[in-house]
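Novice: sequence first, then the predicted structure, then my questions.
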Amino acid sequence: MTGARLARGGGGAAGTTTMEAEKGGGAGIGVGFLGMGLYRLRLLPLPPLPEKLSSAKTLRSHVYANYLGSRPVRERWWRWLLLLWVLGWTLASCWIFYYENSQAVEKRRESLASMCDERARMLQDQFNVSMNHLQALAILVSTFHHAQTPSAINQATFARYAERTAFERPLTSGVAYAVRVTHGERDQFERQQGWSIKKMYSSKKKSPGPGPGDAATAEIREPAEEYAPVIFAQDAYKHVLSFDMLSGDDDRENILRARESGKGVLTAPFKLLNNRLGVISTYTVYKSEFPAYARPQERIQAAIGYLGGIFDIEALVDKLLHQLAGKQSIMVNVYDTTNEKPISMYGSNDTGGGMYHNSTLNFGDPSRRHEMHCRFMQKPPLPWLAITSSLGTLVIALLTGYIFHATVHRIAKVEDDYQNMMELKKRAEAADIAKSQFLATVSHEIRTPMNGVLGMLQMLMDTDLDTTQQDFVRTAQASGKALVSLINEVLDQAKIESGKLELEAVPFDLRIVCDDILSLFCGKAQEKGLELAVYVSDQVPQTLIGDPGRMRQIITNLMSNSIKFTERGHIYLTVHVVEEVMGCLEVKTGTHYTNTLSGYPVANRRRSWESFRLFDMDLHSSEMPFTPVTPDTIRLIISVEDTGAGIPFEAQYRIFTPYMQVGPSIARIHGGTGIGLSISKCLVHLMKGEIGFVSKPHVGSTFSFTAVLTRAQSNGNLNKSSGFKGINALVVDHRPVRAKVAKYHLQRLGVQTELTTDVNQIIPKLNCGPLAAKLVLVDKETWLKESHSMPHLVSKLRNKDQADPPKFFLLENPTSSIKSSSHISSEHNLNVIKKPLRASMLQVSLRQALGGVDKVHCKNGVVGNSTLGSLLHKKQIIVVDDNAVNLKVAAGALKKYGAVVTCADSGKKAIAYLSPPHIFDACFMDIQMPEMDGFQATKEIRKMESKLNEKIESGDVPPECVNVRRWRTPILAMTADVIQATYEECLKCEMDGYVSKPFEGEQLYREVTRFFQNHDQVQ
């Protein structure tokens, strides 16, 4: 399709000429050929044009007939173009061969340099590490031998320490320490040591071996100005004890350089006792009061001893090469290049030929130079890449010429196909929009009478019914709610497909939302014996700005699936800030673990978010998805973990596909439409987040999603009650995860909480003076596990002489037997708290146990009728709705709370009733009504109120409005489903809010409170 567009426009005006010539019945040649070659034809000398060429169309027809329509001209130009094409690409192939070959040689050279430099760097790093350990050993000798009287080190201690710490110096084959002795100190020194200072090498005959020989047969050292006899040595080299290191030429030179420079120095390579090449590193030990920046003469005066270490260079290089991959690919030689003639320290003397690289080695001694020489062992291979690239390029170029020639003749057909496809695409899009609009309209029309049914059932529940009738009504109400939920899901899917789904941005408390969701599934979980729990991190702000309804919908969908497919174990909801889990990106190798809420294994939750682009450390910051743009933005990660049946691996790829179930039997067994997860995924994307999951059959599933919200100004933790200030609690649970959940809920109430998994720690933690725990919460499972000791422990604590003994609570799981729980609580006088834990329920339980009175108006988040009735009592309210059933439901709900209700079935009647001045305190207005909808009616009412307010301001006040400063009647929209666009339209029309149908006590209370608290200003 793109090629078709280029072919049409590539020749400028000439491209239009071709298309119009075809429409006019001209000779047909490919449109693309004109777009390809017309710019070349402009270079040809044009023949005289006919005099009658008075129009651009005639000019285009003439050019086409004389040039593009002439077959000899096309063939002649095509032969020249083909020849130039072949010659050009032949030269290009030769250049590609030369370039690729040179690149291959350069890469081979760079590879050799990289491998050689890497080996050189690792060699000197390992060498320097061993030298650092030698320096540390020198400091140890200075501290425990010279700085203490008497010395804390002797030969046996030094040898044993050197042997035990040999693993720190894997590159040294032995260490020895020589002390500095002046000539005046020699006699006293020899008497203390019990031996005489020996000479390194005999002056009569050279030692047959590489070492100094045997101390028993060595010569006594002749008098000298100073000596350096070995007093400590590793067991493998203790034969050097009593030898004067200054009596050997090389050793003397090393010692003099070491003490003058203050650094470690190396000898020239020599053969060790194992006939391998090695070097000796010498360190000088100074007095403890030695200044940091001393001159060479001061260093010489401050020297008190010398520590030497023997390095096996050949073993060191061998070990290094064994650690690196590709050991056989290059040949390594190590040389001492201090002198003019290099000394080979490792490798063969066969230098060979070809490419090589030299790397400098720095072993810490600036007076000695070392190099590593590297070369490839194998000959360079043939430049197959250069050969194949050049030949392949030539072949491709020839094929391209042929393909291009065949392609241009098909562009016209592709253009026609493209136009047909665009037409079909427009039809499909129009049909999709029509389908979505139809589905949304039908869903709304179905939901409206269903709301009437549910409202009437709710009103029926408030009447006097016997047990059987109440059961029937509850069943009908549950079925109606299930149908409304299904319709809402279908409507949401339609909104998503039509692109009309929008989010609110209102303050809300996510912790309360999570508690409400747990309350929603509490009954189903207890029926199955499942344990429900929620944990929200302390780093999550108290108040957030976002869409609480959609957030509740996502979590409810995930929790509903978990409840549906879980038969034992637990369901665990957690909320964290994304930055908290950034340090947990490395996923464990195991797919599941058992340190869980109920002890059952679960799928590793970190695998559920490992595919999130948010955690991809390789992405540039500009590529990170949904990066916060303001400091108030916060990113949350929410997970729902269960121990259910899991999702089969073959079905996991389609889990977010709309209307798709895991298997054909799922809908029959568990029900559902298969669009809940699809809707959740779309909602998560609207919240600028990502969603993922991990599941293992017969283990469980964990779904996680992220969301970007905004921080809101909060006055602190609203759940913390002053009645619990200063109260400490102790939670006893052998499962740390479950104990953390209990601590989370207690701290929300302001209770300082400690955790323990060991019952033996209860008494020590309770005897902490002013910090002693007043509440002790023991999990039922832990009580049964420690049933042999817990009763005795409780009795012991209660029998102690305390004015206020701690209160004991038993946290009961849903799987616990009611009979056994009652037996335990009654026998040991324990307060039982039912799970799942929620702040409101826990607050009531603690208040009852502590003897307080619960003054909270809400119970489990539901507003009491008395509170709402006090606000609506004798209030004059007009309800406007064209549907008689909905009108009756709304009127009945308001009358239940004590309001005086007047009904109107159209917008025109509402205008007549609300023409100021009037007696009404508020108006509940339906939005969708015939003739005049709620928005238009509200505008008319506001216009009338505006005219009255102008009269009030000018002093022309009617008698009914003498005490009124400003006239404004609160108007609340009534709708079955309010999205953000509808809410914005309500505000635009000067409505004061909205309530959903049928009325819910909490929402109605929240809306009317805003108006009736200052009712003296509202008429």
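Specialist: Good, I have the coordinates. Everything numeric here is computed off the predicted structure, so don't read it as measured data.
Novice: so residue 757 sits against residue 731, correct?
Specialist: No: using Cβ atoms under 8 Å, residue 757 is not in contact with residue 731, being 9.6 Å away. Just so you know, the C-beta spots here come from the backbone N, C-alpha and C atoms, and that holds for glycine as well.
Novice: settle it for me: which of those two has more neighbours?
Specialist: Taking neighbours as other Cβ atoms under 10 Å, residue 757 and residue 731 compare with residue 731 leading, 26 against 13.
Novice: tell me the helix or strand right after the helix or strand where that one lies.
Specialist: For residue 731, the host element (DSSP states H and E) is strand 728-732. Reading on from strand 728-732 to the C-terminus, the next helix or strand found by DSSP H and E is helix 736-748.
Novice: residues of that following helix that come out buried?
Specialist: Residues 737, 738, 739, 740, 741, 742, 743, 744, 745, 746, 747, 748 are the ones in helix 736-748 that count as buried (16 or more other Cβ atoms under 10 Å).
Novice: which residues does the third one contact?
Specialist: Meaning residue 739. Shown in contact with residue 739 (Cβ atoms under 8 Å, 6 or more residues apart in numbering): 731, 732, 733, 755, 757, 779.
Novice: and the least confident of those?
Specialist: Least confident of those in the model: residue 757, at 82.
Novice: now that residue, nearest residue through space, not along the chain?
Specialist: The spatially closest residue to residue 757, leaving aside those adjacent along the chain, is residue 734, at 5.0 Å (Cβ to Cβ, 6 or more residues apart in numbering).
Novice: the one you found and residue 316, how far apart?
Specialist: Per Cβ to Cβ, to the nearest Å, residue 734 is found 53 Å from residue 316.
Novice: for stretch 288-308, which outside residues touch it?
Specialist: 134, 137-138, 141-143, 146-147, 175-180, 228, 245, 251, 254-255, 258-262, 280-287.
Novice: mind listing what's buried along stretch 892-908?
Specialist: Quick answer for stretch 892-908 (16+ other Cβ under 10 Å): 892-894, 896-897, 899-902, 904-908.
Novice: among these, which ones are in helices?
Specialist: The helices, defined by DSSP state H, take in 892, 893, 894, 896, 907, 908 from the buried residues of stretch 892-908.
Novice: I'd like those laid out as CSV, including pLDDT and distance to residue 79.
Specialist: Below are these laid out as CSV (pLDDT from 0 to 100; distance: Cβ to Cβ, whole Å):
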residue, pLDDT, distance to residue 79
892, 83, 93
893, 80, 90
894, 83, 93
896, 81, 96
907, 90, 82
908, 91, 85
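Novice: I'd like these laid out as CSV, including distance to residue 331.
Specialist: Converted to CSV, these look like this (distance: Cβ to Cβ, whole Å):
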residue, distance to residue 331
892, 97
893, 92
894, 95
896, 96
907, 96
908, 101
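Novice: so residue 522 makes contact with residue 836?
Specialist: Yes: counting by Cβ under 8 Å, residue 836 is a contact partner of residue 522 at 6.1 Å.
Novice: now the common contact residues for the two.
Specialist: Residues touching both residue 522 and residue 836 by Cβ under 8 Å, 6+ apart: residue 532.
Novice: the two: who's more crowded?
Specialist: Neighbour count, other Cβ under 10 Å: between residue 522 and residue 836, residue 836 has more, with 24 against 18.
Novice: what about residue 137, which SS state?
Specialist: Assigned with DSSP: H, G, I helix; E, B strand; the rest coil, residue 137 falls in the helix class.
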